[in-house]
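K.L.:
A structural model of the following input is requested.
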Amino acid sequence: MPDDQKYWEKVRSTIKKVSRSYGFERIDTPIFEYSDLFMASVGEATDVVEKQMYSFKSKGGDMLSLRPEGTAGVARAYIENGMPNLPQPVKLYYIGPMFRYEQPQAGRFRQFRQAGVEIIGDIDPIYDAETINAFVVMCRELGLQNINVEMNTIGCNKCRSDFRSQLLRYYKPRAAKLCRDCKRRIKESPLRLLDCKEEKCEQLKAHAPNLIDHLCEECHSHFKSVLEYLDETEIPYSLNPHLVRGFDYYTKTVFEVFLEDEHIADGEEGGNEKTHRRSKMALGGGGRYDNLIRLLGGKDAPAVGAALGLDRVIGAMKQQGVKVPPLYKPDVFLVQLGALSKKKCLKLYEELRQAGIAVAESFGKDSIKTQLRAADRDGVSLSLILGQKEAIDGVIIVRDMASGAQETVPIEKVIKIIKDKLGK
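P.N.:
You can find the predicted model right below:
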């Protein structure tokens, strides 16, 4: 809605500025892709593919899906457009709508906006840290406070194999206590048991084995380096050994960016103590996906990326009272009275605009008092008043809105006079 556009403009412009300053170039992928792309990359057994994708058959018989996330389309575009032949890594960013069929609730929409960054073609852990740093910088430059990053590693195929056995050994005796979805996950994708948000599954997860204890030497070294880079940049983070991402393509580093707030409430009845409770809102996340390009038919190209939920970000900005400037702040207000002056004002409005002077009007009103009230609401410095007599005489009244002082000037000189008064 119009009242929210100033937030969207601020968010989009900040993301563009930060992304470009980190060397990311803009890419726009199609709103819909072949469904097979998401089944192969995100994973057929994931909630997104099984429950949340909007899929349909085209008139030509192709199965298509509205994109539920951005990485798969970027990876496909990287392969199909010869990007492996460019100097590596290739750094890309995107902003656009995504679609998931889920129950709408606070901060969640079936059409939602994401901004993402992808670094494709290099396995160096510094790019994991750079991705996280770029996202934290975006949030800070949007005025958000209390940002924290939760970090984990889900290892590679080699070390995950041993961990999978450990996980099944823990969960199988407790399978009856799992939710319906997790009873299926234990057979199809055990690692996703750690991603469940159901209360009874959360309780079981608290005592589940940690993948970080089963890492191979390479994955352990990679994750250690990522954390050392984050320490160097002083990014606030915490380790969450049960953090996994909901897509199959992730390997090694995974992370989520949270907004954390502390709530202080009174103690129990009759008591004077205060209780401190922390709440957190996920703004986005990502991780490394070293096998995705090869999985989709390209040459081996390790990669890392992440996405921010922009609807969530704007909700957080409002919640924290972040001030956002209006999209348009007029310098002058054009007041008219009479048919002849109204005709001349339409031309003058365009001349003022071309001269770089922000101007507002209320052409449908005939009362000078009503128009001056509108000028006052807009907070302009000057009002230009053109009545019937002024239009005939070729002059216009310049009114200082703060002092109420007025002067009459030739209409052909009014632009220069206004520029001088405004210091333009």
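
K.L.:
At the geometric centre of the protein, which residue do we find?
P.N.:
The centroid of the chain falls nearest to residue 310 when counting by C-alpha atoms, centre = their mean (3.1 Å).

K.L.:
check contacts around that residue.
P.N.:
Listed by C-beta atoms under 8 Å, 6 or more residues apart in numbering, the contact set of residue 310 reads 8, 11, 95, 112, 113, 114, 115. Where you see a C-beta, it was placed from the backbone N, CA and C, and this is true even at glycine.

K.L.:
Residue 159 too?
P.N.:
Shown in contact with residue 159 (C-beta under 8 Å, 6+ apart): 211, 214, 215, 216, 219.

K.L.:
Which pLDDT value belongs to the first one?
P.N.:
pLDDT, residue 211: 80.

K.L.:
What values do phi and psi take at it?
P.N.:
Main-chain dihedrals, residue 211, degrees, to the nearest 10: phi -60, psi -30.

K.L.:
quick one on the thing from earlier: of the contacts of residue 310, which is the nearest to residue 360?
P.N.:
Closest approach to residue 360 among the contacts of residue 310 (C-beta to C-beta): residue 8, at 21.8 Å.

K.L.:
who's in contact with the closest residue to that closest one other than its chain neighbours?
P.N.:
Spatial nearest neighbour of residue 8, excluding adjacent residues (C-beta to C-beta, 6 or more residues apart in numbering): residue 314 at 7.0 Å. Applying C-beta under 8 Å, 6+ apart, we find residue 314 in contact with 4, 7, 8, 11.

K.L.:
Provide the secondary structure category for residue 314.
P.N.:
Three-state assignment for residue 314 (DSSP: H, G, I helix; E, B strand; the rest coil): helix.

K.L.:
my guess is residue 290 meets residue 123, correct?
P.N.:
Yes. The criterion here is C-beta atoms under 8 Å, and residue 290 meets it with residue 123 at 6.5 Å.

K.L.:
neighbour count winner among those two?
P.N.:
The residue with more neighbours, out of residue 290 and residue 123, is residue 290; 20 against 17, by other C-beta atoms under 10 Å.

K.L.:
before we move on, what SS does the more buried one have?
P.N.:
coil.

K.L.:
excluding its backbone neighbours, what's nearest it?
P.N.:
In space, residue 290 is closest to residue 302, 3.9 Å off (C-beta to C-beta, 6+ apart).

K.L.:
Pull the contacting residues for that neighbour.
P.N.:
Residue 302 makes contacts with 121, 122, 123, 288, 290, as judged by C-beta under 8 Å, 6+ apart.

K.L.:
Could you check the pLDDT of it?
P.N.:
At residue 302, the pLDDT value in this model is 96.

K.L.:
if we can go back for a sec, return the members of the contacts of residue 159 classed as buried.
P.N.:
The neighbour count (16 or more other C-beta atoms under 10 Å) marks 211, 214, 215, 219 as buried among the contacts of residue 159.

K.L.:
Pull up the gap between the residue lying closest to the last one once chain neighbours are set aside and residue 216, please.
P.N.:
This points to residue 219. Closest residue in space to residue 219, ignoring its immediate chain neighbours: residue 155 at 4.5 Å, by C-beta to C-beta, 6+ apart. Remark: distance between residue 155 and residue 216 (C-beta to C-beta, to the nearest Å) = 7 Å.
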